[in-house]
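J.: Build me a model from this:
(2 chains)
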Amino acid sequence: MQVCLSTSMNSFPKHAHSLLSNFNSPLELKQAHALLIKTNSPLSLLPAYRVASVCALSPDFSYAHKLLTQFPEPQIDVWNSCLKAFAESDSPSDAILLFSRLREFDLLPNGFTCAFVLKACTALLDDKSGRIIHGFIEKLGFKWNLVLQNMILNFYGLCGEMGTAWLVFDSMPERDVVSWNVMITHLIKSGDFEGAYGLFSRMPERNVRSWTMMISGCVHCGKPKKGVELFMEMEKMGVKANEVTVVAVLAACADLGALDLGRRVHEYSKRCGFGRNVRVSNTLIDMYVKCGCLEEARKVFDEMEERTVVSWSAMIQGLAMHGQAPDALRVFSMMIEMGVEPNGVTFIGLLHACSHMGLIDEGRRFFSGMTRDYGIIPEIEHYGCMVDLLSRAGLLQEAHEFIMNMPIRPNGVVWGALLGGCKVHKHVELAEEATRHLAQLDPLNDGYYVVLSNIYAEAERWEDVARVRKLMKNRGVKKTPGYSSIMVDGVIHEFVAGDDAHSQANEIFGMWDQLLAHMKLRGYVPNTSVVLLDMDEKEKEKFLYRHSEKLALCFGLISTQPGVVIRIMKNLRVCEDCHAAFKLISTIVNREIVVRDRNRFHCFKDGACSCQDYW
DNA sequence: TTAGGGTTAG
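T.: Numbers count the residues shown, from 1 in each chain, chains lettered A, B, ... in the order given. All right, here's what the predicted structure looks like:
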């Protein structure tokens, strides 16, 4: 053997040594292999671990496989290295293929073997092979291995087999924090929030991951308030938040519009040096956007050293939500100039921007350009944006034709967008058609019945209004009550229409009376047409003056210092009368009023709104 | 060898 090697060293003095021990690529390995064959040297001259790992880098599985099966004195460790590499490669199924040949070589799998094959099964979501490995692990007595058990739990969770995951979890002789965390994460993903929270409450010990998972789980399950509460509890217990925790709690702040906490977390994040983390910055952009602070979002965006397509898309979407379509389009141009490839979400933001500002031609161009120039196939969301764009602009027939010609089946949102346009442009027939589809697609969504009933009310078709109400009652659909909230000194105050339950109700009503007097001097006429109830004018006015957003605004005015920006959140859309009133009030009190409604922002300043009355 | 994170139409 030594002779052969020295012969080869003499023939290829410079490359031989390096080739035989330092190969790092499949090509170099093939050259080294060829050298051994040429010099009649044994394969064992190649270091086994290196063979295994480089084999797995090769797209040529059969070559790797051949080399491994020819290897003298097969060792399970060498196979394991190869299995690991294949499990982590682009074709994890090769790991399973390799595993199936172990028996031919009289090799007994050990715990690592199972771990790597299980990893491959997990990557492939191959529950058949996974079950075989699970059986294997039990048969071979690796049950004591907690890591393997946790991997099995994770595997069943990923395959969506929570029943089996519970069986494994319940039968585990001991569990560590990972076992609990794995169960919680999959319960959240399967939509069982209560189950996940139940486990979280019962955990014997929690680490920062447990807290983070639960906070982000709250956000994903639509419980951002609970997420914020958990974050506070976590802080109280002295658990230090990391980048991932910061992302989770910022997402909760974004959903809640909790600017104070969002700012505090931003400061904390800077102190901890998380500022360079792209995901943290992306979430900060979104948080500031959704808390109505476009300038601060822009500042975070501008200061980023590295931006991904998500950063650009979040900024475009933010500008769209704030009615800054020209800026959104400029940011898109910058993105393209910098060579960042847009994705489907980028175009949702762009179409959203166009739709909210009535930029019909630009919207049409983006819609056709996304496939032509960037190869992105429009999805249902893009069609939804287009229907919204056309319907808002009053092109209702075109929107209808667009829906009829869609290559994918329109969903409730698409017909809902047409219905919204019918409300603005008072088109009863098309509204009825849209509602017929919506009754099939989304029969329990109260919003659509309410819009149709409002369309009839505006046309003074009270019998039809009554008919829709009856339909809602028969189907058990209830109207979501509208409410507005405002945060003062860290406390959220919520108001519903006609609310007199607030401890300062009298001062709130007094403030409204003062404002009303000023507004009337400036030509305000209450727009009672938005009160869609069959009652007399005076009653309607009284009703109008107690809208939840007006109450929240008056409370904001009596409880904050002059000049401070007032931020209000509303769960539904702002009504037309409140919109007109807020424009006037912004001049009377010389304040900026930011209202976040169901799907966009209205920034009232000096008698105008950032939406330019197009919403 | 095991668990957590960002933008998404009305």
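J.: For the rest of this, base every contact and every neighbour count on C-alpha atoms.
T.: Noted.
J.: Give the buried residues for stretch A:78-93.
T.: Of the residues in stretch A:78-93, those with enough neighbours to count as buried (16 or more other CA atoms under 10 Å) are A:78-89, A:91-93.
J.: Burial check on A:Asn277, number of neighbours?
T.: Other residues lying near A:Asn277 total 16 when counted by other CA atoms under 10 Å.
J.: In contact with it, which residues?
T.: For A:Asn277, the set of contacting residues under the criterion of CA atoms under 8 Å, 6 or more residues apart in numbering consists of A:Glu243.
J.: Phi and psi next, for it.
T.: Dihedral pair for A:Asn277: phi -80, psi 120, per degrees, to the nearest 10.
J.: circling back: looking at the buried residues of stretch A:78-93, which one is closest to A:Leu284?
T.: Proximity to A:Leu284 was ranked across these by CA to CA; first place goes to A:Glu88, at 32.3 Å.
J.: In contact with the closest residue to the closest one other than its chain neighbours, which residues are there?
T.: Taking CA to CA, 6 or more residues apart in numbering as the measure, A:Glu88 lies nearest to A:Ala120, with 7.2 Å between them; neighbours along the chain are not counted. Under the criterion of CA under 8 Å, 6+ apart, the neighbours of A:Ala120 are A:86-88, A:92-93, A:95-96.
J.: low pLDDT regions in the stretch 401-550 of chain A?
T.: A:532-534 (pLDDT under 70).
J.: contact partners of stretch A:233-250?
T.: Stretch A:233-250 is contacted by residues A:207-209, A:211-212, A:215-216, A:219, A:227-228, A:231, A:262, A:265, A:269, A:274, A:277, A:279-280, A:283-284, A:287 when judged by CA under 8 Å, 6+ apart.
J.: Buried residues, that stretch. List them.
T.: Along stretch A:233-250, these residues count as buried under the neighbour rule (16+ other CA under 10 Å): A:234, A:241, A:243-250.
J.: tell me, which of those make contact with DNA strand B?
T.: Contacts with DNA strand B within the buried residues of stretch A:233-250, counted by CA under 7 Å from any atom of the strand: A:243-245, A:247-248.
J.: In terms of secondary structure, what does the strand or helix carrying A:Asp77 contact?
T.: For A:Asp77, the enclosing helix or strand under DSSP states H and E is helix A:76-87. Using 3 or more CA pairs under 8 Å, 6 or more residues apart in numbering; DSSP states H and E as the contact test, the elements touching helix A:76-87 are helix A:48-57, helix A:93-99, helix A:111-124.
J.: who in the stretch 301-450 of chain A is up against DNA strand B?
T.: Counting by CA under 7 Å from any atom of the strand, the residues of the stretch 301-450 of chain A close to DNA strand B are A:307-314, A:317, A:344-346, A:348-349, A:352, A:355-356, A:380-385, A:388, A:411-414, A:416-417, A:420.
J.: The contacts of stretch A:233-250: which ones sit near DNA strand B?
T.: The overlap between the contacts of stretch A:233-250 and the neighbourhood of DNA strand B (criterion: CA under 7 Å from any atom of the strand) consists of A:207-209, A:212, A:216, A:277, A:279-280, A:283.
J.: can you pick the most crowded of those residues?
T.: Taking other CA under 10 Å as the neighbour criterion, A:Ser216 ranks highest of these with 26 neighbours.
J.: so which strand or helix has it?
T.: Using DSSP H and E, the secondary-structure element containing A:Ser216 is helix A:208-220.
J.: roughly how far is that helix from the heart of the chain?
T.: Averaging C-alpha positions (CA atoms, centre = their mean, to the nearest Å) puts helix A:208-220 14 Å from its chain's average.
J.: distance of A:Glu432 from A:Val465?
T.: Taking CA to CA, to the nearest Å as the measure, A:Glu432 falls 12 Å from A:Val465.
J.: same check, this time on A:Cys385
T.: Spatial separation of A:Cys385 from A:Val465 under the definition CA to CA is 29 Å.
J.: which outside residues touch the longest helix along chain A?
T.: Residue-count comparison of every helix in chain A, with assignments taken from DSSP state H, identifies helix A:505-521 as the longest. With CA under 8 Å, 6+ apart as the test, helix A:505-521 has contacts from A:545, A:550-551, A:554-555, A:557-558, A:581, A:584-585, A:588.
J.: Ranking helices and strands of chain A by mean pLDDT, which lands last?
T.: Each helix and strand of chain A was given a mean pLDDT (mean pLDDT, DSSP states H and E); the minimum falls on helix A:2-11 at a mean of 47.
J.: picking that back up, what residues sit buried inside the next helix-or-strand element following the longest helix of chain A?
T.: Stepping forward along the backbone from helix A:505-521, the first helix or strand reached (DSSP H and E) is helix A:537-544. In terms of neighbour count (16+ other CA under 10 Å), helix A:537-544 has its buried residues at A:540-541, A:544.
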